[in-house]
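In: Sequence first, predicted coordinates after that:
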Amino acid sequence: VDVVPGGLWKLTRKARVLTAPSRDGQMIDEYPTDTTMVVMGTARDGPYKYVSPCNGCRRGFVDAALLKQ
């Protein structure tokens, strides 16, 4: 993961947070459209962002195409 200045982004549709930056990653949780997430980094090997959905939630990867600033 490359750390990037990300800030708060919203989901453009329902999305799964995954353990790895791949469709094969295990699902941690699923969040509805318009959920605000903190983007903390970008995956080096695919179009995924490393996110934190909330302070108490597990961090993971979301398809970058599903996020907007």
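Out: Arrived safely.

In: Check which helices and strands the lengthiest strand in the chain sits against.
Out: Under DSSP state E, the strand in the chain containing the largest number of residues is strand 2-11. On a contact count with 3 or more Cβ pairs under 8 Å, 6 or more residues apart in numbering; DSSP states H and E, strand 2-11 meets strand 36-42, strand 48-52, strand 67-68. In short, each C-beta sits where N, CA and C put it, glycine included.

In: just the angle between it and strand 36-42, please?
Out: On the basis of axes from the mean of the first three to the mean of the last three Cα atoms, to 10 degrees, strand 2-11 is oriented at 160 degrees to strand 36-42.

In: re earlier: need the winner for burial among the helices and strands packed on strand 2-11.
Out: Across the helices and strands packed on strand 2-11, the average number of neighbours (mean count of other Cβ atoms under 10 Å) peaks for strand 48-52, which reaches a mean of 22.

In: before we move on, the earlier item: now do the longest strand of the chain: distance to the chain's middle.
Out: Distance of strand 2-11 from the chain centroid (Cα atoms, centre = their mean, to the nearest Å) equals 9 Å.

In: tell me which residues in that strand are buried?
Out: For strand 2-11, the neighbour count (16 or more other Cβ atoms under 10 Å) marks 6, 9, 11 as buried.

In: Which of the helices or strands spans the residue nearest the centre of the chain?
Out: For the chain, residue 62 is the residue whose C-alpha lies nearest the centre (Cα atoms, centre = their mean; 3.1 Å). Here residue 62 is covered by strand 60-63, with elements defined by DSSP states H and E.

In: Residues touching that strand, excluding its own?
Out: 11, 15-22, 25, 28-29, 37, 43, 47-51 (Cβ atoms under 8 Å, 6 or more residues apart in numbering).

In: Just the CA trace of the longest strand of the chain, in PDB.
Out: The C-alpha coordinates for strand 2-11 follow below in PDB (Å, rounded to 0.1, in the frame of the first residue of the first chain):
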ATOM      1  CA  ASP A   2       1.300   3.500  -0.900                       C
ATOM      2  CA  VAL A   3       0.200   6.000   1.700                       C
ATOM      3  CA  VAL A   4      -1.600   9.000   0.000                       C
ATOM      4  CA  PRO A   5      -3.300  12.100   1.300                       C
ATOM      5  CA  GLY A   6      -6.800  10.700   0.900                       C
ATOM      6  CA  GLY A   7      -9.300  12.300   3.300                       C
ATOM      7  CA  LEU A   8     -13.000  11.600   3.400                       C
ATOM      8  CA  TRP A   9     -14.500   9.800   0.400                       C
ATOM      9  CA  LYS A  10     -18.100   8.500  -0.200                       C
ATOM     10  CA  LEU A  11     -19.200   5.200  -1.700                       C
END
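
In: Kind regards, and thank you for your time.
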